[in-house]
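S.K.: Model the structure of this input:
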Amino acid sequence: MPASSRRIQDATTRLGPFLNFFLNSTFAREGRRPGACLFVTGDPQEGPPAGFVESLQRAAVPHNPNWFGYKNSEPAAQAIVAASLLAQTGLEYLPDDIAMTNGAFAGLATLFLTLTDPGDEVIFNSPPWFFYEGMIAGGGATPVRVRVRMDNFDLDLAAIEAALTPRTRAVLVNTPNNPTGRIYPEDTLRGLADLLTTASARFGHPIYLISDEAYNRILYDGRQHHSPAKYYANTCVVYTYGKTLLTPGQRMGYIALPPAMPDRAEVRAAIFAAQLLVGFAFPNALLQYALPELEQQSIDLSRLQRRRDRVVRALRGMGYEMHQPEATFYVLPRSPLPNDGDFTERLAARQVFVLPGLAVEMPGYFRISLTGSDDMVDRALPVFAEVLASLTA
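M.R.: Numbering: from 1, shown residues only. Here you go, the predicted model:
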């Protein structure tokens, strides 16, 4: 008998390219050496936003004997989130309809357990975040992959509509999208809402829209983010502060149910039960106490945009092909070699580490995280040029 469950074996198979890179590549062996240029994940390579540490220090001072007791969703934190969502979207979320979670990861796991039964289907869009397919399957539902449009990385509404069946329980979208940097436009989201409304009526049950909005504040060029919740009532919004603050090791986020959701009281109660069953998927007390201050903090977006502009301009000048991302931390150039794994290994041999596209279902591409420092960019750009030149010599 194998040591792990069939569910974990299946998830491991689905995570194959991701696991292979993080366990067996040059990055796995050498990526933490001093002097490495790290552009693989959205990990901070510089300090946190100004005031972050001080906010945690102030929140750590106990106000009562139960300050560090069991916490679920703290009312003060829920109220902060509801006010933030009103400012962002114009929707009057109720504080009780906010479930505080330990990051978007836990929020997604909670929703898959809340909304799906074995045999249900969840549509997700590809290229995806690494873990969508495995998490859907791990929760007992069937993941259904739908490719985005490759000309502009927008949702392919016709393909989503064709994938809907009576077993569809949810559709998962990620806007702004990791890894493409695409912000899905209002017309696309209205079209998605229309087809889900029609399909829900045809199948006789609501199809929920799970909107992963982890990067909804990491925007460039004055662009705006549009939440699908503005257009479709049965939307569950998932967010994490780990991107805005670039502190992924301090995990806090939320699930938000919009005021127009018809059965949100029932869904709210089910989410609470699921958070307990997932493994107490609530953020720790300290982060919730600090939220009034953390809500106002952010990484320096103007500096991040300058880094994006520099990287895109430099790589295009060398001959790399890519879209310019509208949002998120990431740039997604085409690999000059058909095998993106081989290309990323050539970079890794020079201590420049990027993510092969195969890990995010984009073979023939590679992903650069802009959370690498400016010094890393200074040292890496000549390597990108030299490796590309070596392929055409």
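S.K.: Show me the domain layout of this protein.
M.R.: Per the record, the chain has its domains at 6-49+300-392, 64-294, by automatic domain parsing.
S.K.: Where does residue 290 sit: helix, strand or coil?
M.R.: helix (DSSP: H, G, I helix; E, B strand; the rest coil).
S.K.: Tell me which stretches of the stretch 101-250 of the chain form helices.
M.R.: Taking DSSP state H, counting those that start in this stretch as the test, the helices found in the stretch 101-250 of the chain are 103-115, 132-138, 157-163, 186-203, 241-244.
S.K.: next one: the shortest one to chain centre, how far?
M.R.: Just to be clear, that refers to helix 241-244. 10 Å (CA atoms, centre = their mean, to the nearest Å).
S.K.: after that helix comes which helix or strand?
M.R.: strand 253-256 (DSSP states H and E).
S.K.: Within the sheet, what are the partner strands of that following strand, with directions?
M.R.: Using DSSP bridges, strand 253-256 pairs in its sheet with strand 98-101 (antiparallel), strand 235-240 (antiparallel).
S.K.: And the average pLDDT for it is what?
M.R.: Model confidence over strand 253-256, given as mean pLDDT, is 98.
S.K.: what's the pLDDT at the spatially most central residue of the chain?
M.R.: Taking CA atoms, centre = their mean as the criterion, residue 214 is the residue nearest the geometric centre of the chain, at 4.9 Å. Predicted confidence (pLDDT) for residue 214: 98.
S.K.: From residue 339, how far out is it?
M.R.: Taking CB to CB, to the nearest Å as the criterion, residue 214 is separated from residue 339 by 30 Å. Glycine gets a C-beta too; all of them are placed from N, C-alpha and C.
S.K.: Quick one: the strands in the stretch 1-150 of the chain, in order.
M.R.: Ranges of strands in the stretch 1-150 of the chain, per DSSP state E, counting those that start in this stretch, are 37-38, 98-101, 121-126, 142-147.
S.K.: list the helices and strands the shortest one packs on?
M.R.: Translated: strand 37-38. strand 352-353, helix 374-392 (3 or more CB pairs under 8 Å, 6 or more residues apart in numbering; DSSP states H and E).
S.K.: Please tabulate these in TSV, including the columns mean pLDDT.
M.R.: Shown next, in TSV, are the helices and strands packed on strand 37-38 (pLDDT from 0 to 100):
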stretch	mean pLDDT
strand 352-353	98
helix 374-392	96
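S.K.: which one of these has the most crowded surroundings?
M.R.: Highest mean neighbour count of the helices and strands packed on strand 37-38: strand 352-353, a mean of 24 (counted as mean count of other CB atoms under 10 Å).
S.K.: List the strands paired with the helix or strand following that strand, with their directions.
M.R.: Next helix or strand after strand 352-353 toward the C-terminus (DSSP H and E): strand 355-356. Looking at strand 355-356 with DSSP bridges, its partner strands are strand 366-369 (antiparallel).
S.K.: How about residues contacting the strand it pairs with?
M.R.: Strand 366-369 is contacted by residues 38-43, 179, 311, 329-333, 335, 340, 343-344, 354-357, 359-360 when judged by CB atoms under 8 Å, 6 or more residues apart in numbering.
S.K.: Quick check: phi and psi on the residue nearest to residue 244 when sequence neighbours are not counted?
M.R.: Counting by CB to CB, 6 or more residues apart in numbering, residue 244 lies nearest to residue 217, which is 4.8 Å off, once chain neighbours are set aside. Main-chain dihedrals, residue 217, degrees, to the nearest 10: phi -110, psi 0.
S.K.: Same question for residue 324.
M.R.: Note on residue 324: backbone dihedrals following degrees, to the nearest 10 are phi -90, psi 120.
S.K.: So it is in contact with residue 312, correct?
M.R.: Yes - checked against CB atoms under 8 Å, the pair residue 324 and residue 312 is within contact range at 5.3 Å.
S.K.: neighbour-wise, which of the two wins?
M.R.: A side-by-side neighbour count of residue 324 and residue 312, using other CB atoms under 10 Å, places residue 312 first with 19 against 13.
S.K.: quick one: pLDDT of residue 117?
M.R.: Looking at residue 117, its pLDDT is 96.
S.K.: swap that for residue 151, sorry
M.R.: Predicted confidence (pLDDT) at residue 151: the value is 95.
S.K.: Same question for residue 50.
M.R.: Model confidence at residue 50, given as pLDDT, is 89.
S.K.: residues near the residue lying closest to it once chain neighbours are set aside, how many?
M.R.: For residue 50, the nearest residue in space outside its immediate sequence neighbours is residue 297; the separation is 7.6 Å by CB to CB, 6+ apart. Close neighbours of residue 297, defined as other CB under 10 Å, add up to 17.
S.K.: Might you report the residue contacts of residue 297?
M.R.: Residue 297 is in contact with 49-52, 55, 244-245, counting by CB under 8 Å, 6+ apart.
S.K.: Specify the local secondary structure of it.
M.R.: At residue 297, secondary structure determined by three-state DSSP is coil.
S.K.: Buried residues in stretch 4-19, which are they?
M.R.: 11, 14-15, 17-19 (16 or more other CB atoms under 10 Å).
S.K.: I would like the residues contacting that stretch, please.
M.R.: For stretch 4-19, the external contacting residues (CB under 8 Å, 6+ apart) are 2, 130-131, 133-134, 137-138, 143, 356, 358-359.
S.K.: Mark which of the residues you listed are buried, thanks.
M.R.: Among the contacts of stretch 4-19, those classed as buried by 16+ other CB under 10 Å are 130-131, 133-134, 137-138, 143, 356, 358-359.
S.K.: how about residue 122, what does it touch?
M.R.: By CB under 8 Å, 6+ apart, the residues touching residue 122 are 112, 116, 136, 141-144, 168-172, 210.
S.K.: Could you list the buried residues of stretch 116-134?
M.R.: In terms of neighbour count (16+ other CB under 10 Å), stretch 116-134 has its buried residues at 116, 120-125, 127-134.
S.K.: again, but for stretch 249-265
M.R.: For stretch 249-265, burial by neighbour count (16+ other CB under 10 Å) applies to 250-258, 261, 264.
S.K.: any idea how far residue 271 is from residue 73?
M.R.: Using CB to CB, we find residue 73 at a distance of 10 Å from residue 271.
S.K.: Which residues are in contact with each of those two?
M.R.: With CB under 8 Å, 6+ apart as the test, residue 73 and residue 271 both reach residue 99.
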